[in-house]
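[1] Show me how the following folds:
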Amino acid sequence: MTIDEEHTPDREILGWDEFGEASRELAAQVHGSGFVPDMVVAIARGGLLLAGSVAYALDVKSCGAINVEFYTGVDLRLAEPVLLSPMLDTPSVSGQKVLLVDDVSDSGRTLAMVLELLVKAGADVRSLCLYSKPQTVLEPDFVWRRTSKWIAFPWSSLPPVTV
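    Prediction:
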């Protein structure tokens, strides 16, 4: 945690230990729903760690990622989400039960775009996020916590290593 985060009351701060507990709770939600995914697909970068954790908890070995850029900084975003390479092999999801994972459904536009892409490719998709915000256009099927605050994730709260 940085000093700024300690003194900024409008932030939701997620620590590593709490992340581990949250990912297990989300896996239990999926299991309890009866949905048994054939594969877990992360929306990179934010969904990568959660997708891996949930995939292990559900014993799903088939994992993939789709790279999307939308946020460029704290509450700064592009006009529309943009797919980046390398691209997910979407034909491989046809007929599969896919658990789509991201860290947060803020506007929900990234989640909605990727979900539509996977459905068009023939997948049966459920979505999972750590957080969902009130203004989202797509409420995830599985969510750990709802908040209107900016979220400080343990993997992105510090600046990039430059030395």
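[2] and the nearest residue in space to residue 14 that is not next to it in sequence, what pLDDT?
    Using Cβ to Cβ, 6 or more residues apart in numbering and skipping the chain neighbours, the partner closest in space to residue 14 is residue 153 (5.5 Å). Bear in mind the C-beta positions are built from the backbone N, C-alpha and C, glycine included. The per-residue pLDDT reported for residue 153 equals 95.
[3] again, but for residue 114
    On the pLDDT scale, residue 114 gets 94.
[4] circling back to that earlier point, now do the same contact list for the residue nearest to residue 14.
    14, 19, 46, 103 (Cβ atoms under 8 Å, 6 or more residues apart in numbering).
[5] By pLDDT, give me the weakest of those residues.
    Of all the contacts of residue 153, residue 46 carries the smallest pLDDT score, 91.
[6] quick one: what helix or strand has that one in it?
    If you go by DSSP states H and E, residue 46 is not part of any helix or strand.
[7] That one: how many residues sit nearby?
    Counted with other Cβ atoms under 10 Å, residues neighbouring residue 46 total 24.
[8] Three-state assignment for the spatially most central residue of the chain, please.
    The centre of the chain sits closest to residue 102, judged by Cα atoms, centre = their mean, with a distance of 0.7 Å. Using DSSP: H, G, I helix; E, B strand; the rest coil, the secondary structure recorded for residue 102 is strand.
[9] Please, where are all the helices along the chain?
    3-6, 16-33, 48-58, 109-120 (DSSP state H).
[10] Would you reformat those helices as TSV and include distance to residue 90?
    TSV is the format used below for the helices of the chain (distance: least, Cβ to Cβ, whole Å):
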stretch	distance to residue 90
helix 3-6	37
helix 16-33	22
helix 48-58	17
helix 109-120	7
